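K.L.:
Give me a 3D structure for the following:
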Amino acid sequence: MGSLTRANAARSGVKASAAAKPTTLKEQQLGDVGLGERLRYEFDKSMAAGPIALVGWLSLVTLLVILFAATVLALTRIGPDGGFGWIEAAWQSLMRTMDAGTMGGDEGWTFRLLTLFVTLMGILVFSALISIISAGLDSALESLRKGRSRVLEVDHTIILNWSPSIFDIVSELTIANVSRKKPRIVILADKDKVEMEDEIADKVGDLKNTQVICRSGDPTDLFDLSLANPQTCRSIIVVSPEGAEDPDSNVIKTVLALTNDPRRREARYRIAAELRNADNAEVARIVGGDEVQLVLADDLISRIVVQSSRQVGLSAVYSELLDFDGCEIYTTEQDDLVGQTYGDAILRYEDSALIGLRYPDGRVRMNPPMDEVIPEGARVVIIAEDDDAIRLTEAPEDAIDMSIVRAPRAVERKAERVLILGWNRRGPMIARELSRYVQPGSLLTVACDTPGCREEILSMPLASDALTVEARVIDTSSASAIEDLDPISYDSVMVLGYSDTMAAQSADTRTLITLLHLRRLSERAGEHISVVSEMIDIRNRELAEVTRADDFVVSNKLVSLMLAQASENEYLSAIFDDLLDEDGSEIYIRPVGDYVELDQPVSFYTLMEAARRRGETAIGYRRRRSDGEDDGRNMGGVVVNPNKSERLDWVEEDRLIVLAED
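P.N.:
So this is what the prediction gives:
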């Protein structure tokens with residue numbers, strides 16, 4: 001019986017225990033947590049809310065102290081003159097929490113001790129409050145310093161990512177923006193906002209009427225991208241990010257974020273994006289569609305280096321076409337030219353130069369056939385100082401003197417010997433581009449000392465069998481090593497910077513040393529060496545002038561100019577693709593004496609007519625400068641889009657700049 005009783009009792013205990021167990025998951029998880037621990041947890045959560053929560057807790061403590069003191073004073077009447085009522089007591093307590101000097105006239109030790117307590121609590125609370133306000137202000141200023149607020153501009157230009165090209169881009173855009181009202185440039189990059197602002201202030205200088213706004217963030221992140229407010233922008237420039245392991249992937253991802261943002265605007269964007277590797281261009285075009293213009297940096301520089309090595313002064317022509325501080329390329333509709341031939345239309349501009357057409361189907365062609373009729377809906381491609389200067393005129397009756405125009409004469413092309421000193425990732429592209437132009441039997445010698453360069457040079461693919469390549473491993477900063485190559489025996493010399501293995505300044509310094517050795521050899525032999533040099537930093541251009549090289553191709557500067565222009569002209573990329581393509585018309589610099597007699601002053605109208613009869617479009621000239629003469633812009637005597645009526649004297653050394661197919 002006793003056992004049965006104990007069993008029943010045990011079963012009853014189990015039932016009671018089961019009934020006492022928590023019935024919900026929350027009760028099961030928190031059943032063993034005490035009230036004090038829960039209160040501390042709730043307090044911690046409220047404190048995590050930041051300064052507002054702290055101010056709330058301090059206000060609550062102050063209120064409790066005032067209520068306690070007011071209640072004691074009202075009940076005990078220990079104050080002066082028989083004490084205070086509750087409302088007056090609360091007011092007296094509030095004044096003592098805010099101003100410690102209020103208790104100076106208090107009498108009676110009981111009253112003094114109570115008001116002392118209230119005053120001390122007030123000092124504690126307000127000291128903490130001042131500290132919170134100070135910390136909050138510091139946090140707000142730090143947030144502003146980080147540049148994490150959204151830009152509320154309209155019709156602004158956005159630059160995404162950070163690279164050395166930004167300074168030239170900003171400089172060019174400030175020139176383009178002079179005629180605009182309140183222009184703005186917004187830069188969004190994964191870099192400290194203050195550092196960006198300081199670098200721009202140091203390296204750009206005068207921003208004229210343009211304001212530059214910097215924001216810190218990742219352009220590939222949709223939230224960070226929204227900080228630049230692309231929905232209301234005028235144009236967007238995506239530069240190849242400095243120091244990125246795979247910069248092209250970053251650029252493509254940024255373009256993808258822009259074009260596929262769920263919150264994007266309905267109107268199309270105007271995006272100019274820089275890519276280093278031409279192999280990535282197809283993917284970028286798929287991502288960006290007709291909204292993106294691609295600037296293939298290495299391809300652009302390689303083509304200009306090759307063409308400049310064959311024609312002295314050509315880099316200055318390209319710089320002039322891309323520079324906002326001078327003549328620029330515009331595309332515009334000219335209904336009055338519809339039905340006229342291209343050859344007749346090029347003589348209809350006094351202050352501008354017609355150079356090509358953009359057809360209604362989107363094709364762009366520079367220097368089309370002279371007898372081609374301009375169709376309806378076509379846009380003309382024009383070089384002008386400003387779009388306001390583009391207007392049709394009639395040439396004066398005596399503007400063209402056909403009596404001095406010379407007939408074309410055949411020029412025999414021979415095999416060439418070309419020397420490249422130095423090496424970088426653009427070297428294979430330069431060699432391939434060069435092989436498109438030279439005659440069979442031509443030789444390219446590459447001398448450098450970068451690791452593995454010999455194997456890379458001998459295995460690189462070429463566009464034709466006309467060019468033979470040989471590699472020499474030497475120290476290109478050594479005078480004796482350069483002299484052993486006999487550079488005077490070569491038709492042209494290109495000096496490339498070691499930009500892949502050295503910092504920009506170090507690479508340019510080594511280039512300068514090589515150029516100085518070449519100048520010394522030239523002076524000692526008394527013979528001219530045709531030298532074209534690639535510079536990385538525009539600031540080293542003036543230093544390089546002392547080497548007397550024929551031409552300088554400043555890589556970062558050219559890419560920056562192209563990006564800035566493409567952001568303003570949505571057809572510029574297609575125009576330069578045609579200009580730099582060996583299958584179309586290109587820029588050539590030829591002797592003026594091949595076109596006209598030089599025994600009398602000649603107008604540019606006459607030179608245009610002489611070129612027109614050969615199927616060429618004349619766009620400028622390169623005149624010999626006197627010793628010490630400076631054209632003010634380092635253009636080497638190059639003038640694009642000159643006054644066409646002015647008659648000038650010409651000499652054999654002067655050159656005519658034309659667009660021609662060969």
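K.L.:
how close does residue 89 sit to residue 461?
P.N.:
According to Cβ to Cβ, to the nearest Å, residue 89 stands 96 Å off from residue 461. All C-beta atoms are positioned from the backbone trio N, CA, C, and that covers glycine.
K.L.:
which helices and strands sit right next to the top helix by length along the chain?
P.N.:
When the chain is parsed with DSSP state H, its longest helix is helix 109-146. Judged by 3 or more Cβ pairs under 8 Å, 6 or more residues apart in numbering; DSSP states H and E, helix 109-146 is in contact with helix 51-76, helix 86-98, helix 193-203.
K.L.:
Tell me which residues are up against the helix or strand containing residue 298.
P.N.:
Here residue 298 sits within helix 297-310, counting by DSSP states H and E. With contact meaning Cβ atoms under 8 Å, 6 or more residues apart in numbering, helix 297-310 is reached by 240, 274-278, 314-315, 318, 418, 425-426, 429-430, 433-434, 437, 492-494, 496, 530, 532, 534, 551, 553, 555, 558-559, 562, 576, 580, 586-587.
K.L.:
are any of the residues you listed buried, and which?
P.N.:
Neighbour counting with 16 or more other Cβ atoms under 10 Å marks 240, 274-276, 278, 314-315, 318, 418, 426, 429-430, 433-434, 437, 492-494, 496, 530, 532, 534, 551, 553, 555, 558-559, 562, 576, 580, 586-587 as buried within the contacts of helix 297-310.
K.L.:
now the strands for the stretch 451-600 of the chain?
P.N.:
Per DSSP state E, counting those that start in this stretch, the stretch 451-600 of the chain carries strands over the ranges 467-473, 492-495, 531-535, 551-554, 586-591.
K.L.:
and these as TSV, adding distance to residue 481 and mean pLDDT?
P.N.:
TSV is the format used below for those (distance: least, Cβ to Cβ, whole Å; pLDDT from 0 to 100):
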stretch	distance to residue 481	mean pLDDT
strand 467-473	9	96
strand 492-495	14	94
strand 531-535	17	88
strand 551-554	23	76
strand 586-591	32	92
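K.L.:
Tabulate these (TSV), appending distance to residue 247.
P.N.:
Below are these laid out as TSV (distance: least, Cβ to Cβ, whole Å):
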stretch	distance to residue 247
strand 467-473	28
strand 492-495	25
strand 531-535	19
strand 551-554	20
strand 586-591	29
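K.L.:
Residue 351: which of those strands is closest?
P.N.:
Smallest distance to residue 351 across the strands of the stretch 451-600 of the chain (Cβ to Cβ): 20.6 Å, for strand 586-591.
K.L.:
Which strands or helices does the helix or strand following the closest one pack on?
P.N.:
Proceeding N to C from strand 586-591, the next assigned helix or strand is strand 602-603, under DSSP H and E. The contact analysis (3+ Cβ pairs under 8 Å, 6+ apart) places strand 602-603 against strand 647-648.
K.L.:
List the pairing partners of the strand it packs on within its sheet, with orientation.
P.N.:
Paired with strand 647-648 in the same sheet, following DSSP bridges, are strand 602-603 (antiparallel).
K.L.:
Just the residues contacting the helix or strand that the strand it pairs with is followed by, thanks.
P.N.:
Sequence order places helix 604-612 as the next helix or strand after strand 602-603, per DSSP H and E. Identification of contacts with helix 604-612 by Cβ under 8 Å, 6+ apart yields 343, 346-347, 370, 395-396, 399-402, 404-406, 592, 595-596, 617-618, 621, 642-646, 648, 656, 658, 660.
K.L.:
so what's residue 321 closest to, chain neighbours aside?
P.N.:
residue 329 (5.9 Å; Cβ to Cβ, 6 or more residues apart in numbering).
K.L.:
a strand runs through residue 207, doesn't it?
P.N.:
No: assignment of residue 207 by DSSP: H, G, I helix; E, B strand; the rest coil gives coil, placing it outside any strand.
K.L.:
how far away is it from residue 319?
P.N.:
From residue 207 over to residue 319 the distance is 22 Å, taken as Cβ to Cβ.
K.L.:
Between those two, tell me which one has more neighbours.
P.N.:
Neighbours per residue (other Cβ atoms under 10 Å) separate residue 207 from residue 319, with residue 319 holding more: 23 against 17.
K.L.:
right, and that one touches residue 561 too?
P.N.:
Yes: with contact defined as Cβ atoms under 8 Å, residue 319 counts as touching residue 561 (6.9 Å).
K.L.:
quick revisit: more neighbours: which of residue 89 and residue 461?
P.N.:
residue 89 (23 against 8).
K.L.:
Heading C-terminal from the helix holding residue 298, find the next helix or strand.
P.N.:
Counting by DSSP H and E, what follows helix 297-310 is helix 314-322.
K.L.:
so where is the stretch 101-250 of the chain shaky, pLDDT-wise?
P.N.:
Along the stretch 101-250 of the chain, segments meeting pLDDT under 70 span 101-109, 140-145.
K.L.:
If we use 80, what do you get?
P.N.:
Per-residue confidence for the stretch 101-250 of the chain (pLDDT under 80) gives these ranges: 101-116, 118-119, 121-147, 205.
K.L.:
Just checking, which helix or strand of the protein averages the lowest pLDDT?
P.N.:
Sorting the helices and strands of the chain by mean pLDDT, DSSP states H and E puts helix 2-20 at the bottom, at a mean of 47.
K.L.:
nearest spatial neighbour of residue 425, skipping sequence neighbours?
P.N.:
Nearest one to residue 425, counting by Cβ to Cβ, 6+ apart, is residue 500 at 5.4 Å.
K.L.:
and the gap between the one you found and residue 299?
P.N.:
Per Cβ to Cβ, residue 500 is found 16 Å from residue 299.
K.L.:
for residue 275, same thing?
P.N.:
9 Å.
K.L.:
repeat for residue 480
P.N.:
On the measure of Cβ to Cβ, residue 480 and residue 299 end up 35 Å apart.
K.L.:
Please say which of the two ends up with more neighbours.
P.N.:
Legend: neighbour count by other Cβ under 10 Å for residue 480 and residue 299, higher for residue 299 (20 against 9).
K.L.:
ok, that one to residue 428 distance?
P.N.:
According to Cβ to Cβ, residue 299 and residue 428 sit 11 Å apart.
K.L.:
Residue 148 now?
P.N.:
Noted for residue 148: a distance of 43 Å to residue 428, by Cβ to Cβ.
K.L.:
repeat for residue 411
P.N.:
Distance of residue 411 to residue 428, given as Cβ to Cβ: 30 Å.
K.L.:
Which one of the two is surrounded by more residues?
P.N.:
residue 428 (19 against 8).
K.L.:
Go ahead and confirm the more buried one touches residue 459.
P.N.:
No: contact criterion Cβ under 8 Å: residue 428 and residue 459 do not qualify, at 9.3 Å.
K.L.:
Tell me who's in contact with residue 193.
P.N.:
By Cβ under 8 Å, 6+ apart, the contact set of residue 193 is 145-147, 214-216.
K.L.:
let's go with 10 Å and repeat that
P.N.:
Residues near residue 193 by Cβ atoms under 10 Å, 6 or more residues apart in numbering: 144-148, 187, 213-217.
K.L.:
do the same with residue 70
P.N.:
With contact set as Cβ under 10 Å, 6+ apart, residue 70 has these partners: 84-94, 118.
K.L.:
Overlap in contacts, residue 275 and residue 299.
P.N.:
Residues touching both residue 275 and residue 299 (Cβ under 10 Å, 6+ apart) are residue 281.
K.L.:
Give the burial count for residue 381, as a bare number.
P.N.:
Applying other Cβ under 10 Å, we find 25 other residues in the vicinity of residue 381.
K.L.:
Just confirm it is within a strand.
P.N.:
Yes: applying three-state DSSP, one finds residue 381 inside a strand.
K.L.:
Once you drop chain neighbours, what's closest to it?
P.N.:
Residue 381's closest residue in space is residue 356 (Cβ to Cβ, 6+ apart), at 4.0 Å.
K.L.:
Whatever helix or strand that neighbour lives in - which strands sit beside it in the sheet, and in what orientation?
P.N.:
Element membership for residue 356, per DSSP H and E: strand 353-358. Note on strand 353-358: by DSSP bridges, its sheet partners are strand 364-366 (antiparallel), strand 379-384 (antiparallel).
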